[in-house]
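> Everything below, folded, please.
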Amino acid sequence: MHMERLIVQICNAIESWSAQVLGKALTVRLSDKAMLAAPDYVRGGAEQAKEALAARMEDCTLLGARLMDRVEIENGWLLFTLHRDAFDAYAQRLEANFAPGDTTLDRRMSMLLRHKDAPLPDCPAILHAVLIASAASERGRWTQEDVRTVLTMTHALSGMERVQAEQNAARAAKIILFERSTMQ
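Purely as a prediction, here's the structure:
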């Protein structure tokens, strides 16, 4: 079974949704300010675009699951925060029979994959790390920063919050390992 990488499916879904709502497909990319961002309205109209998109967030889905959690603007950029349901839907469609590599990152994700299958935790850092991993796998090259982002995805959490997030990150690990194993 061949599935397009998560980042590709998400960007395609947002482009299709924005074309329906705004009459033009947005140019979506990874962002440091949010999960994804689009610069299309930097020269004006961002507030109106945000309002139109925010009013139709329920129409933005991936694999039948809610994709959009929040739309914001900053300096004319549309900023998108994604909902974990779409990540869960993607993970549930992946094959389980893939061989992880033998890097530190692969071993760490394999450890997380041993936890029970459960919906992803409500942790933006984990979702962001999955997006970074998917983008790295899509381009066929992982930078040290990509690896660090994934390895430290729960480090901002403390105590039991961190433990619980890691115990519920099996689907995140599955996506990361699957996409790494199919990297060209």
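> From residue 126, how far out is the residue lying closest to residue 104 once chain neighbours are set aside?
Nearest residue to residue 104, sequence neighbours excluded (CB to CB, 6 or more residues apart in numbering): residue 151, at 7.2 Å. For every residue, glycine as well, the C-beta is placed using N, CA and C. As judged by CB to CB, to the nearest Å, residue 151 and residue 126 stand 12 Å apart.
> So which of those two has more stuff around it?
In this view residue 151 and residue 126 are compared by other CB atoms under 10 Å, and residue 126 has more residues nearby, 25 against 14.
> Surely the more buried one touches residue 155?
No - at 11.1 Å, residue 126 does not count as touching residue 155 under the criterion of CB atoms under 8 Å.
> Nearest residue to the middle of this structure?
Centroid check for the chain by CA atoms, centre = their mean gives residue 131 as the closest residue, at 3.6 Å.
> And the contacts of whichever helix or strand that residue is part of?
Take DSSP states H and E as the rule and residue 131 turns out to sit in helix 124-139. Residues from elsewhere that reach helix 124-139 (CB atoms under 8 Å, 6 or more residues apart in numbering): 5-8, 10, 30, 35-36, 81-82, 84, 87, 120, 142-143, 146, 149-150, 153-154, 156-157, 165, 169, 172, 175-176, 179-180, 182-183.
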